[in-house]
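Asker: this one's structure only:
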């Protein structure tokens, strides 16, 4: 198994990416294709220590900047590292790609170069939020906006399998994000999708609310990417604000400063529990291979953890499971439709 | 100035509400109409201490439960405390109402009994989120779903004036919630509303993202109530989770427990800074008086702070300011429309 890593993507690329990939190769024995400017990457790799035979550099002439248009790798920069990652996966030279670069560009490369799973109209980004019981998978967190009911149903299928894998729960509880707990409340979208969610055959628990994200009351939450993206980015910023306020208060008197220095190990553990870098990148579910999109501010640890997530994803054969189940659902729908048409046909 | 308080609304009603109202009357010298079951309220008030002449009990036969349909006060329970609060405001016996009861019922009473400001199609719930610079007003947080562009523009007008008042900023920076910072990204709704937002004549800073809620980069954020509600409820639950995790880590060893006990004053200050009960209730902006809707779990402090917010709201004459500016905007639109029609008219 081999992972293609976009060495040029992210705010701290290539240094942080090379360092993270090196750790994955040396400590986790992962085979890596490191994609980017050859001479630069060779120099950076040499700095990391003893050369690892499991890392191979694949040269890419171009880089898509964080602020460039998402379609750049399709038009202007066909030799960009992010696009070449996609091509390595398409050709089967790698089983998954990891990029902490331009999110929009990574999404487009995944959808057009790697391709969507048959039956999945819109791949979705999934994130695991912390909860008292381990975590809650939320999707979509930003790959799609103005989703249709059928898209949300597909998100439920993909979320189900991802949660099985990442949370280790046999029958993940799937909820539909809305406001108020009654089916009759909610937006036009959630009302339209409610009945369809039941038809997925999964453990659909009904409507959930924003409060359920961090409570452990459900394993998977399905929502449109606009809502999921606001949720993701606001949660990150609230966690940052709270840590800052706490530091601020702790530094005010000698007594609280002393208390802080004694309690420091607890703070360190706490920080790791809420740090997105520990979780690694978010998978784009619904494409024909693994595609992990990391936070722009990924440090070496985040990159290494993202590579681990990609390895687990491939080992679990997640995209094949999703493909089979989506095909089943489509077949089921067709049978229902045929049965209905047969019933409605005039007696001859 | 007099505030009508729904003594029967909220998870801890009437005890918590009576206690909070009593504090407001005794310490802030606020005149209060306490609405609910007369004999019960008399007993509860007597327990609080010396009778306050500024509290008057208004008897209400019925109570709308937290789980009852929002239209209950219009149909089945016309003598409910929440409806009578609305009527007291409508008749001018009180200038604002405060309820921590059934949110849907309070919204309906406000809109139908008190009535919307002329020109405001949809009143909106506004919440102040903490930020490093004091706070960010976000609206709507749940009164409306599937909002239209013109509604979001009205939210901007209302948010502008509320932020002026509550944050004390002369020219609040208003942002439109979306994903990605470019105008071309975003949902059908945000794209449609972008141009209209500029026309409000306020300090419109453009698109903002979830991360801006807790960063102090903007003073007012406008969004549909579905998104705002998910944001509000998830933030509350994340804050709870983080506090719980922190406690959990701090209790693990004797060293961190000792550190915690020394640092306790800092934790107490921190808790007050992130506790929604300190902020009090959320105003429903766009109705013809003050209407504050509190958290179901309001304790006496939350009730007292909600009453304070209501008093400030009335003193600042906010609903009149909103009415005037909305009327101005409508007039401006009409002039533009007339000018356009005149231009397009065939030369005669």
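Answerer: Ah, there it is. Being a predicted model, the structure only gives us computed values, none of them experimental. Residues are numbered from 1 along each chain as shown, chains lettered A, B, ... in the order given.
Asker: and residue A:137, which of the three is it?
Answerer: strand (DSSP: H, G, I helix; E, B strand; the rest coil).
Asker: number of residues surrounding it?
Answerer: When neighbours are defined as other CB atoms under 10 Å in any protein chain shown, residue A:137 has 27 of them. (Each C-beta comes from the backbone N, C-alpha and C, glycine too.)
Asker: do the same with residue A:103
Answerer: 22.
Asker: skipping adjacent residues, who's closest to it in space?
Answerer: residue A:293 (5.7 Å; CB to CB, 6 or more residues apart in numbering or on different chains).
Asker: enumerate every residue touching the one you found.
Answerer: A:99-100, A:103, A:106-107, A:125, A:281-284 (CB atoms under 8 Å, 6 or more residues apart in numbering or on different chains).
Asker: so which of those sit within strands?
Answerer: Cross-referencing those against strands under DSSP state E gives A:99, A:125, A:282-284.
Asker: which pLDDT value belongs to residue A:348?
Answerer: Predicted confidence (pLDDT) for residue A:348: 52.
Asker: list the buried residues for the helix or strand hosting residue A:335?
Answerer: Element membership for residue A:335 (DSSP states H and E) is helix A:318-344. For helix A:318-344, a neighbour-count test (16 or more other CB atoms under 10 Å in any protein chain shown) marks A:318-319, A:321-323, A:325-326, A:329 as buried.
Asker: which residues of chain A fall in strands?
Answerer: A:2-6, A:31-36, A:55-59, A:96-99, A:124-129, A:136-139, A:173-177, A:203-208, A:220-222, A:282-285, A:290-293.
Asker: just name the most buried of those strands.
Answerer: Among these, ranked by average contacts under mean count of other CB atoms under 10 Å in any protein chain shown, first place goes to strand A:96-99 (a mean of 32).
Asker: so how far is residue A:325 from the residue nearest to residue A:269 when sequence neighbours are not counted?
Answerer: In space, and not counting its chain neighbours, residue A:269 is closest to residue B:249: 4.8 Å by CB to CB, 6+ apart. Using CB to CB, to the nearest Å, residue B:249 is found at 39 Å from residue A:325.
Asker: packing partners of the helix holding residue A:335?
Answerer: Where contact means 3 or more CB pairs under 8 Å, 6 or more residues apart in numbering or on different chains; DSSP states H and E, helix A:318-344 is packed against helix A:149-167, strand A:282-285.
Asker: how distant is it from the center of its chain?
Answerer: 26 Å (CA atoms, centre = their mean, to the nearest Å).
Asker: tilt between that helix and helix A:149-167?
Answerer: Using axes from the mean of the first three to the mean of the last three CA atoms, to 10 degrees, the direction of helix A:318-344 lies 140 degrees away from that of helix A:149-167.
Asker: before we move on, back to that, now the ones in strands among the contacts of residue A:293 in CSV, with distance to residue A:265 and pLDDT?
Answerer: Shown next, in CSV, are the ones in strands among the contacts of residue A:293 (distance: CB to CB, whole Å; pLDDT from 0 to 100):
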residue, distance to residue A:265, pLDDT
A:99, 34, 96
A:125, 34, 94
A:282, 30, 90
A:283, 32, 93
A:284, 37, 94
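Asker: any idea which of the contacts of residue A:293 is closest to residue B:344?
Answerer: Using CB to CB, residue A:107 is the member of the contacts of residue A:293 that lies nearest residue B:344, at 42.2 Å.
Asker: list the residues that contact the closest residue to that closest one other than its chain neighbours.
Answerer: Spatial nearest neighbour of residue A:107, excluding adjacent residues (CB to CB, 6+ apart): residue A:143 at 5.5 Å. By CB under 8 Å, 6+ apart, the contact set of residue A:143 is A:107, A:122-125, A:225, A:284.
Asker: cool, residue A:81 as well?
Answerer: Residue A:81 neighbours (CB under 8 Å, 6+ apart): A:6-9, A:35-37, A:60, A:62-64, A:101.
Asker: rerun at 7 Å
Answerer: A:6-9, A:35-36, A:60, A:63 (CB atoms under 7 Å, 6 or more residues apart in numbering or on different chains).
Asker: now render those residues as a markdown table, adding pLDDT.
Answerer: As requested, these are exported to a markdown table (pLDDT from 0 to 100):
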| residue | pLDDT |
| --- | --- |
| A:6 | 97 |
| A:7 | 96 |
| A:8 | 96 |
| A:9 | 92 |
| A:35 | 97 |
| A:36 | 96 |
| A:60 | 96 |
| A:63 | 94 |
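Asker: for the residues you listed, which one is nearest chain B?
Answerer: residue A:9 (16.8 Å; CB to the nearest CB).
Asker: hang on, isn't that closest one packed against residue A:101?
Answerer: Yes: with contact defined as CB atoms under 7 Å, residue A:9 counts as touching residue A:101 (2.1 Å).
Asker: would you confirm that residue A:224 contacts residue A:147?
Answerer: Yes: contact status for residue A:224 versus residue A:147: in contact at 4.4 Å, counting by CB under 7 Å.
Asker: output the lowest mean pLDDT helix or strand found in chain A.
Answerer: Lowest mean confidence among the helices and strands of chain A (mean pLDDT, DSSP states H and E): helix A:276-279, at a mean of 68.
Asker: please list the residues of the stretch 1-150 of chain A that sit near chain B.
Answerer: Within the stretch 1-150 of chain A, the positions adjacent to chain B are A:130-132, A:142, A:145-146 by CB under 7 Å from any CB of the partner chain.
Asker: would you show me how to pick out the buried ones of the residues you listed in PyMOL?
Answerer: A single PyMOL command selects the buried members of the residues of the stretch 1-150 of chain A next to chain B (16+ other CB under 10 Å):
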select buried, chain A and resi 130+131+142+145
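Asker: of the residues of the stretch 1-150 of chain A next to chain B, which pair is most distant in space?
Answerer: A:132 and A:146 (33.2 Å).
Asker: beta partners for residue A:176?
Answerer: residue A:207, residue A:222 (DSSP bridges).
Asker: quick one, what contacts it?
Answerer: Contacts of residue A:176 (CB under 7 Å, 6+ apart): A:190, A:193-194, A:197, A:206-208, A:222.
Asker: can I get these in a markdown table with pLDDT?
Answerer: Formatted as a markdown table, those follow (pLDDT from 0 to 100):
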| residue | pLDDT |
| --- | --- |
| A:190 | 84 |
| A:193 | 85 |
| A:194 | 83 |
| A:197 | 80 |
| A:206 | 88 |
| A:207 | 90 |
| A:208 | 92 |
| A:222 | 96 |
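Asker: tell me the one of those residues nearest residue A:30?
Answerer: residue A:222 (31.2 Å).
Asker: who touches the closest residue to residue A:290 other than its chain neighbours in this structure?
Answerer: Nearest non-adjacent residue to residue A:290, counting by CB to CB, 6+ apart: residue A:96, 2.7 Å away. Contacts of residue A:96 were listed using CB under 7 Å, 6+ apart, and they are A:3, A:89, A:289-292, A:310, A:313-314.
Asker: hmm, 6 Å instead?
Answerer: A:3, A:289-290, A:310, A:314 (CB atoms under 6 Å, 6 or more residues apart in numbering or on different chains).
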